[in-house]
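I'll drop the sequence and a predicted model, then ask my questions.
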Amino acid sequence: MGHYKLIIDGEKVQVDQSFPVINPATEEVVAECPLATEADLNRAVEAAKKAFKSWSQTTWPERQDALMKVADILEQHSEELAKILTEEQGKPMAVMGGSLFEMGGAVAWARATASMDLPVEVLQDDEHAYIELHRKPLGVIGSITPWNYPVMIAIWHIVPAILTGNTVVLKPSPMTPLASIRMVELVNQVLPAGVLNIVTDQDDLGPLMSAHPDINKIVFTGSSPTGKHIMRSAASNLKRLTLELGGNDAAIVLPDVDPAEVAPKLFGMAFINSGQVCAAIKRLYIHEDVYGAITNQMAAMASAVTVGNGLEEGVDFGPVQNQKQFELICDLAKSAKADGGKFLSGGEPLEGKGYFFPLTIVAGLNNGSRLVDEEPFGPILPVIKFKDVEEVIERANDNPNGLGGSVWSNDLELAANIASRMECGTVWINGHAMVQPNMPFGGVKDSGIGVGFGIEGLKEFTSIQAISIAKA
């Protein structure tokens, strides 16, 4: 069992209390995690505030170079971190969406983001005035990350913050804090003390961070209710916010597709990481002409995969990450049965230790059923038959969430027209959840405010300053 400590101001910090981190595949304790106090949080914020004075004055190339070294050290320790991820999160090591995939994504994302630039913009240069637009770092950034992809999402928060001259206090989910602690420990080998700090808790420090007078921005990935709480408490000092919140992504499949071609893609994008992905397909609307062929193939695939401990060979999908989420999936399955849902695969939790629920596909439901209206965030998917395109667009938009969506068709002009009418931050055509570092990503409605990724994501970590020089 590993021994973990907080990392504050470049130093390992021992605290008086700890809490257990549970392996969701075995329900056994992986390790004890330090339980930070408000005093520890204040110390971390103070360290970040102090480091900001010098870090904000470094040049852009200097920060790029430091972050490339961050990517290098993460790559060197990818297998070590991936094993910790599997133990605490549950995902298999070497599958699409698994722990090595997460580490590869973290490394690639760090390098891609570190290569970006935010040059000074010249807004006017004429006989009247010369005007420049500068972007300045905000100060201390509070990063609050979820349990599904803890290291990769931390990198999504940390790298643009540090690149733009800010410093960071990271608070990972108490469900999966261990790989994040080790990651911060490694990164501190190449970053100056105080630039990146980590505190771990049992979800009591979040409100203190969002209300903290010396934290200038909160970046949060998680549930919509929690995001709303953060937004309320952040008003105390008018914090900047980037909130990437819940998603209940709809995919619309038109009748001209080849079922044999699209079914595996739909399956993969619905069940990646056992469905525990914010932008996974959560509601699958399929035209009646191809509904049977697609759902039958997906059900056969779901029944053929192996669900088990991610550390074991031959496992395709891991457990639901924690007991609370597992109980929600079980409850949604019961609700779907009560609503008359027809289970094409799965439907009941697996016997024995671990939070294992088989990949479950449910037919016969529609909007108004809990499984359709609520985000399950797990391995259960409603497949919904439709006939009329206008009707299905309305049904897809009939949800408080608006993170991502997709349209599947060989008619790209028609697909693009439908995509433009979907109420979500990103729409993919003939794909889904294909996030990338150069494309802004964010939600509308209850799915959040602000964006990550790309130049637009970098700008979220800055304030603007216009400098105007009069010529006449």
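Noted; the coordinates are in hand.

what's near enough to touch the residue of the chain most remote from its centre?
With CA atoms, centre = their mean as the measure, the chain has its most outlying C-alpha, relative to the mean C-alpha position, at residue 472: 51.0 Å. By CB atoms under 8 Å, 6 or more residues apart in numbering, the contact set of residue 472 is 127, 128. Using the backbone N, CA and C atoms, a C-beta is placed for each residue, glycine as well.

Next: residue 246.
223, 224, 278, 375, 401, 403, 446, 447.

Which parts of the stretch 301-450 of the chain are strands?
Counting by DSSP state E, counting those that start in this stretch, the stretch 301-450 of the chain has strands at residues 342-345, 360-363, 380-386, 401-402, 404-408, 426-429, 444-445, 448-449.

Adding distance to residue 120, mean neighbour count and mean pLDDT, write these out as a markdown table.
Below are the strands of the stretch 301-450 of the chain laid out as a markdown table (distance: least, CB to CB, whole Å; neighbours: other CB atoms under 10 Å; pLDDT from 0 to 100):
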| stretch | distance to residue 120 | mean neighbour count | mean pLDDT |
| --- | --- | --- | --- |
| strand 342-345 | 56 | 18 | 98 |
| strand 360-363 | 53 | 25 | 98 |
| strand 380-386 | 48 | 24 | 98 |
| strand 401-402 | 34 | 26 | 98 |
| strand 404-408 | 34 | 29 | 98 |
| strand 426-429 | 29 | 20 | 98 |
| strand 444-445 | 31 | 16 | 98 |
| strand 448-449 | 27 | 22 | 97 |
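
Can you redo those strands as CSV, where the extra columns are distance to residue 160?
Formatted as CSV, these follow (distance: least, CB to CB, whole Å):
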stretch, distance to residue 160
strand 342-345, 40
strand 360-363, 37
strand 380-386, 32
strand 401-402, 23
strand 404-408, 20
strand 426-429, 18
strand 444-445, 21
strand 448-449, 16
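
among these, which is nearest residue 138?
strand 448-449 (15.9 Å; CB to CB).

In its sheet, which strands sit next to that closest one, and in what direction?
Strand 448-449 pairs in its sheet with strand 240-244 (antiparallel), by DSSP bridges.

chain center to the strand it pairs with, what's the gap?
For strand 240-244, the separation from the chain centroid amounts to 13 Å (computed by CA atoms, centre = their mean, to the nearest Å).

What of stretch 142-153?
Here the centre of mass of C-alpha atoms in stretch 142-153, compared against the chain's by CA atoms, centre = their mean, lies 7 Å away.

Please renumber the chain so that the first residue is 92 from this point on.
Renumbered: residue one is now 92, and that last one reads stretch 233-244.

Give me the distance between the two termini of that stretch.
End-to-end distance for stretch 233-244, by CA to CA, to the nearest Å: 13 Å.

Likewise for stretch 423-441?
End-to-end distance of stretch 423-441 (CA to CA): 16 Å.

buried ones in that stretch?
Judged by neighbour count using 16 or more other CB atoms under 10 Å, the buried positions of stretch 423-441 are 423, 424, 427, 430, 432, 434, 435, 436, 437, 438, 440.

Thought residue 464 was touching the fourth one, still the case?
Spelled out, that is residue 430. No: if you go by CB atoms under 8 Å, residue 430 and residue 464 don't touch, sitting 10.8 Å apart.

shared neighbours of these two, anything?
With CB under 8 Å, 6+ apart, residue 430 and residue 464 have no common neighbours.

got the domain boundaries for this structure?
Per the record, the chain has its domains at 97-336+538-560, 340-527, by automatic domain parsing.

So which other helices or strands are in contact with the helix or strand harbouring residue 200?
Per DSSP states H and E: residue 200 is located in helix 190-205. Identification of packing neighbours for helix 190-205 by 3 or more CB pairs under 8 Å, 6 or more residues apart in numbering; DSSP states H and E yields helix 151-167, helix 169-180, helix 241-254.

and residue 204, what is it in contact with?
Residue 204 makes contact with 158, 250, 251, 254, 528, 544, 549, according to CB under 8 Å, 6+ apart.

Tell me, what's the model's pLDDT at the last one?
This points to residue 549. At residue 549, the model reports a pLDDT of 98.

Mind telling me what element it is part of?
helix 545-550.

any residues touching the helix or strand following that helix, and which ones?
Using DSSP H and E, the helix or strand that follows helix 545-550 in sequence is strand 553-561. In this structure, residues lying in contact with strand 553-561 by CB under 8 Å, 6+ apart are 209, 214, 219-229, 255.

mind listing which of those are in strands?
If you go by DSSP state E, the contacts of strand 553-561 have 214, 220, 221, 222, 223, 224, 225, 226, 227, 228 in strands.

so which of those residues is the most crowded?
Among the ones in strands among the contacts of strand 553-561, residue 228 has the most neighbours (other CB atoms under 10 Å), with 23 neighbours.

my guess is residue 257 meets residue 231, correct?
Yes: assessed by CB under 8 Å, residue 257 is found in contact with residue 231 at 7.1 Å.

Between those two, which contacts overlap?
Common neighbours of residue 257 and residue 231 (criterion: CB under 8 Å, 6+ apart): 143, 307, 308.

In helices, which of those appear?
Here DSSP state H is the test, and the shared contacts of residue 257 and residue 231 give residue 143 as lying in helices.

ok, residues contacting the host helix or strand of residue 301?
Following DSSP H and E, the helix or strand that holds residue 301 is helix 297-302. With CB under 8 Å, 6+ apart as the test, helix 297-302 has contacts from 129, 132, 233, 235, 260, 262, 306, 309, 317, 320-321, 324-325, 327, 330.

tell me how far that helix is from the chain's mean position?
Relative to the centre of its chain, helix 297-302 is centred 20 Å away, using CA atoms, centre = their mean.

Now it - C-alpha only, CSV.
Taking Å, rounded to 0.1, in the frame of the first residue of the first chain, the C-alpha atoms of helix 297-302 are listed here in CSV:
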residue,chain,number,x,y,z
GLY,A,297,-14.6,22.6,-2.5
PRO,A,298,-16.8,25.3,-1.0
LEU,A,299,-13.8,26.8,0.7
MET,A,300,-12.0,27.0,-2.6
SER,A,301,-14.9,28.6,-4.5
ALA,A,302,-15.3,31.2,-1.8
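
Okay, buried residues for that helix please.
For helix 297-302, the neighbour count (16+ other CB under 10 Å) marks 297, 299, 300, 301, 302 as buried.

Also stretch 527-545?
Neighbour counts over stretch 527-545 (16+ other CB under 10 Å) mark 528, 531-534, 536-539, 541-545 as buried.

hang on, the earlier thing: I'd like the contacts of residue 204 as JSON lines, with distance to residue 514 appended.
Below are the contacts of residue 204 laid out as JSON lines (distance: CB to CB, whole Å):
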{"residue": "158", "distance to residue 514": "35"}
{"residue": "250", "distance to residue 514": "30"}
{"residue": "251", "distance to residue 514": "27"}
{"residue": "254", "distance to residue 514": "32"}
{"residue": "528", "distance to residue 514": "25"}
{"residue": "544", "distance to residue 514": "20"}
{"residue": "549", "distance to residue 514": "26"}
